[in-house]
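Trainee: Fold the following.
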Amino acid sequence: MGDLPNAVIKRLIAKHGGGLRVSGSAIDKAVEAAEDFIARLAREAQASAVADKRKTVMDHDIDKARTKLQSPY
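Mentor: Have a look, this model is predicted:
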């Protein structure tokens, strides 16, 4: 089981999925995908902070990481 609560992921899927019900295995897959994305986001944000010689990840590091991860390149 992952670190993200299933209930949160289920609520987000239902909210953005037109109110459809969500199977337990679909929630598990969504939790896995969300945790994977957050891990990649954290690594990119951390790399940005380190490149700027900081020990703190700032909001602009997250913004930069999101942009990089969403880019097809």
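Trainee: now the residue most central in space within the chain: how far from L69?
Mentor: The residue lying closest to the centre of the chain (C-alpha atoms, centre = their mean) is I38, at 3.2 Å. According to C-beta to C-beta, to the nearest Å, I38 stands 10 Å off from L69. (Each C-beta comes from the backbone N, C-alpha and C, glycine too.)
Trainee: Look at I27 and report its pLDDT.
Mentor: Turning to I27, the model gives it a pLDDT of 94.
Trainee: what kind of secondary structure is it in?
Mentor: helix (DSSP: H, G, I helix; E, B strand; the rest coil).
Trainee: burial of it, as a residue count?
Mentor: A count of neighbours around I27, defined by other C-beta atoms under 10 Å, yields 16.
Trainee: cool, N6 as well?
Mentor: 15.
Trainee: Quick one: residues contacting the nearest residue to it once chain neighbours are set aside.
Mentor: Using C-beta to C-beta, 6 or more residues apart in numbering and skipping residues adjacent in sequence, the residue nearest N6 is I27, 5.2 Å away. Shown in contact with I27 (C-beta atoms under 8 Å, 6 or more residues apart in numbering): 6, 9-10, 13.
Trainee: out of these, who's nearest E32?
Mentor: Among those, I9 lies closest to E32 (C-beta to C-beta), at 9.7 Å.
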